[in-house]
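A.B. asks: For reference, the sequence and a predicted model appear below.
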There are 2 protein chains.
Amino acid sequence: MTERIRDFLRDRRVNGLEDGPVLVVDLEVVRENYAKFARALPDTRVFYAVKANPEPKLLALLARLGSCFDTASVTEIQLALSAGATADRISFGNTIKKERDIVRALELGVRLFAVDCEVEVDKIARAKAATGAEDVRVFCRILCDGAGAEWPLSRKFGCEPDLAVDVLDHAHRAGLHSYGVSFHVGSQQPNTEAWDGALGSASRIFRELADRGIQLSMVNLGGGFPTKYLKDVPAVEAYGDSIFRALSRHFGNRLPETIIEPGRGMVGNAGVIESEVVLVSHKSKAEDDVRWVFLDIGKFGGLAETMDEAIRYDIRTEHDEDRRVPCVLAGPTCDSADVMYEKTPYWLPVSLEIGDLVQIEGTGAYTATYSSVAFNGLPPLRTHVI
Amino acid sequence: MTERIRDFLRDRRVNGLEDGPVLVVDLEVVRENYAKFARALPDTRVFYAVKANPEPKLLALLARLGSCFDTASVTEIQLALSAGATADRISFGNTIKKERDIVRALELGVRLFAVDCEVEVDKIARAKAATGAEDVRVFCRILCDGAGAEWPLSRKFGCEPDLAVDVLDHAHRAGLHSYGVSFHVGSQQPNTEAWDGALGSASRIFRELADRGIQLSMVNLGGGFPTKYLKDVPAVEAYGDSIFRALSRHFGNRLPETIIEPGRGMVGNAGVIESEVVLVSHKSKAEDDVRWVFLDIGKFGGLAETMDEAIRYDIRTEHDEDRRVPCVLAGPTCDSADVMYEKTPYWLPVSLEIGDLVQIEGTGAYTATYSSVAFNGLPPLRTHVI
């Protein structure tokens, strides 16, 4: 919670301008985060993962600071362009693309695409032919076990490294520029050494393709850089050091061009959601019955990442000096799945009561756009970027 | 899939009017479903659960047919009123309400409210005083174990029956009309006998309050009536018979007024989502490697109920006579959680390919409003009501 966010929220509430949950993102924090990434990985280009938070003012700041943009759809490409990024600073990083969306991206000037299979390469080759685009670059995403991450990724994105060699060879033969390899070590990755294994795989792919006469240029180190929720996380510098050592270990003095795709790490700690306590109740007359606290935001209103109680947000109240009691924390909808913390209750002040405002820290990423469009008649989460 | 939906979709696609996933709801099916509920439970009023699908044309049809409406928010109350329902046919069924929303509901004429604790009763009593509303009715929701349901509900809604007695007594003393008891046997409940235990609890609450001089009138039997996905489900008539027997068993010849709140059971089978296959791929060179099929709709685009692979939709393709192979089925976003069926693969025709359209049956409920507002830059699911 920054001073700026606190003042902004106080003004809005005092003047009756807010009713319902609201997310406030402080651009000063984003600016600091960008500077930390730039310092920690000075030879690495930053491709901000637009999906984490696509607010126009946020994208405009990052564009001014020199950031590039990792996009998941044509809409996100258009958002990045509108924010002032030139097309050469945009990658279409989704491995699952409709061919007509690839055509549209090429028409908009984008030349860098993620793939993880030969049929996706074929789509890009056909779209290239259809548009006459030159120097269309592809990087192949490889699977990575994501061990240790708070959200180890599924096998949804990427292919086995030996298949990646074939995919990039296929791209080369299809007239595309086989540009590099990408991977993702898992979201909210606390292990600064997690990049080592995948960089080993990447270097082997570089060598195998070199043997076939194809020179790759780039390693996309993905995201995974954590933001602080309740537990402390390593500083960006520690990730930078570890990644640089791993790069040197696997690539010697022929270091590839590198890019990173921070999303959560760039905006997570820049945002605070303010929410109202709607109800505090008990389910039985038993003395030791757990207290239920219901907020006006829940899983469907922006806190989807509490799914399986994966992310535990830091929640602040006006009573934080008081004695705390275990609470089940739930959202406002008539949906029984809309419970944030139950298996591991959340300890909240015993004096917390209906009508109190609480601040949910570290909610700048993966909240507003995740929220449902109209479930239970509730509007999506509003965002203010200050 | 009805003839009307098939024709509508064909016309739209042929004329290039659809790009991206779309939900089509056939009002004729809703009309039949309403008639089935009315026949199966002739003395029970139907309160359609608006949250299942709040499309204006759908609500207008139900209003014309004589349905009442169970709402979760002021917005849903306004939708029901706009559809032609009078306020006396609307209940505010959410047990988690802001006091100012209760005031607004009373101002709009609503007089029936769900509660499950004393502090919620106090909010309603204060709102009654503030608005001068007369005969404000409350029913208390009790916990029900939901055994056997496909989605057994959490303990989020309701209180223990002995606490419900105190809550209704409290409401009476606060000047409210203590009107009855509600419960929910769990969503997609295949056991037609599931209502028996909760009706036993309800009848005990009626007796205990009668001993205190308070006459309850109504039992809200909730929802839970299933729609057909892949497995067959009992007919509505079987539920009606079983519920009537349980009512007689527990209430003798002094049967209470009853209401039901079908949502899924009213609109689930009236809707079909059409979606496009974006990618079919493998992750490795292994012969037996599982096939991945990616659609342009996923967990964040309207299929949220595939969470934990809870609901298995019936998916139709143009190749359904072909040999089937196990597939992981995933959505189009850059989110590794956006995988519908992986633990239990989904068997799809080996000839299914990129660009094919598939029809996802039984998607009339809990899809469109669940979808995220803009995740990955993708628009929310569009609905056509025909």
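C.D. replies: Here it is on my side, so go on.
A.B. asks: which residues sit against the helix or strand where residue A:140 lies?
C.D. replies: Element membership for residue A:140 (DSSP states H and E) is strand A:137-141. Contact with strand A:137-141 is made by A:95, A:111-116, A:121, A:124, A:157-159, A:164, A:167-168, A:171, A:176-184, A:205, A:218, A:220, as judged by Cβ atoms under 8 Å, 6 or more residues apart in numbering or on different chains. C-beta coordinates here come from the backbone N, C-alpha and C atoms, glycine included.
A.B. asks: near chain B too, which of those?
C.D. replies: Subset of those in contact with chain B: A:95, A:116, A:157-159, counting by Cβ under 8 Å from any Cβ of the partner chain.
A.B. asks: For ChimeraX, write the selection for the buried entries among the residues you listed.
C.D. replies: Buried members of those, defined by 16 or more other Cβ atoms under 10 Å in any protein chain shown, are picked up in ChimeraX with:
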select /A:95,116,157,158,159
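A.B. asks: closest to chain B among the ones next to chain B among the contacts of strand A:137-141?
C.D. replies: residue A:159 (5.1 Å; Cβ to the nearest Cβ).
A.B. asks: Might you calculate how far stretch A:8-26 sits from the centre of the chain?
C.D. replies: The chain centre lies 25 Å from the centre of stretch A:8-26; the measure is Cα atoms, centre = their mean, to the nearest Å.
A.B. asks: repeat for stretch A:41-53
C.D. replies: With Cα atoms, centre = their mean, you get 10 Å for stretch A:41-53.
A.B. asks: pretty sure residue A:325 is in a strand, no?
C.D. replies: Yes. Under DSSP: H, G, I helix; E, B strand; the rest coil, residue A:325 falls within a strand.
A.B. asks: Grab the nearest non-local neighbour of it.
C.D. replies: Excluding the flanking residues, the one nearest residue A:325 by Cβ to Cβ, 6 or more residues apart in numbering or on different chains is residue A:350, at 4.9 Å.
A.B. asks: So for that neighbour, what's the pLDDT?
C.D. replies: Residue A:350 is assigned a predicted lDDT (pLDDT) of 97.
A.B. asks: One more: residue A:150?
C.D. replies: pLDDT, read off for residue A:150, is 66.
A.B. asks: on that earlier part again, residue A:251: which of the ones next to chain B among the contacts of strand A:137-141 is nearest?
C.D. replies: residue A:158 (20.0 Å; Cβ to Cβ).
A.B. asks: Surely the closest one touches residue A:183?
C.D. replies: Yes. Look at residue A:158 against residue A:183 with Cβ atoms under 8 Å: they come within range, at 6.5 Å.
A.B. asks: Pull up the overlap in contacts between the two.
C.D. replies: A:141-144.
A.B. asks: between the ones next to chain B among the contacts of strand A:137-141, which is closest to residue A:30?
C.D. replies: residue A:157 (25.7 Å).
A.B. asks: What distance do you get for residue A:318 to residue A:353?
C.D. replies: Residue A:318 sits 10 Å away from residue A:353, going by Cβ to Cβ, to the nearest Å.
A.B. asks: Now the helix or strand containing residue A:243: buried residues?
C.D. replies: Following DSSP H and E, one finds residue A:243 within helix A:236-251. Across helix A:236-251, burial judged by 16+ other Cβ under 10 Å covers A:236, A:239-240, A:242-244, A:246-247, A:250-251.
A.B. asks: can you check stretch A:200-219 too?
C.D. replies: Counting neighbours by 16+ other Cβ under 10 Å, stretch A:200-219 gives A:201-206, A:208-209, A:214, A:216, A:218-219 as buried.
A.B. asks: which other residues reach the helix or strand where residue A:178 lies?
C.D. replies: Counting by DSSP H and E, the element that carries residue A:178 is strand A:177-182. By Cβ under 8 Å, 6+ apart, the residues outside strand A:177-182 that reach it are A:93, A:112, A:114, A:135-142, A:158, A:164, A:168-169, A:171-172, A:201-202, A:205-206, A:209, A:214, A:216-222, A:256-257.
A.B. asks: and if we set it to 7 Å?
C.D. replies: A:114, A:135-142, A:164, A:168, A:171-172, A:202, A:205, A:209, A:214, A:216-220, A:222, A:256 (Cβ atoms under 7 Å, 6 or more residues apart in numbering or on different chains).
A.B. asks: In strands only, show me these.
C.D. replies: If you go by DSSP state E, the contacts of strand A:177-182 have A:114, A:137-141, A:218-220 in strands.
A.B. asks: mind putting the residues you listed in a markdown table, pLDDT included?
C.D. replies: Below are the ones in strands among the contacts of strand A:177-182 laid out as a markdown table (pLDDT from 0 to 100):
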| residue | pLDDT |
| --- | --- |
| A:114 | 98 |
| A:137 | 98 |
| A:138 | 98 |
| A:139 | 98 |
| A:140 | 98 |
| A:141 | 97 |
| A:218 | 98 |
| A:219 | 98 |
| A:220 | 98 |
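A.B. asks: And these, which is closest to chain B?
C.D. replies: Out of those, the member with the shortest distance to chain B (by Cβ to the nearest Cβ) is residue A:114, at 9.0 Å.
A.B. asks: shouldn't that closest one be in contact with residue A:95?
C.D. replies: Yes. Look at residue A:114 against residue A:95 with Cβ atoms under 7 Å: they come within range, at 5.0 Å.
A.B. asks: Since that was my last question, I'll sign off now.
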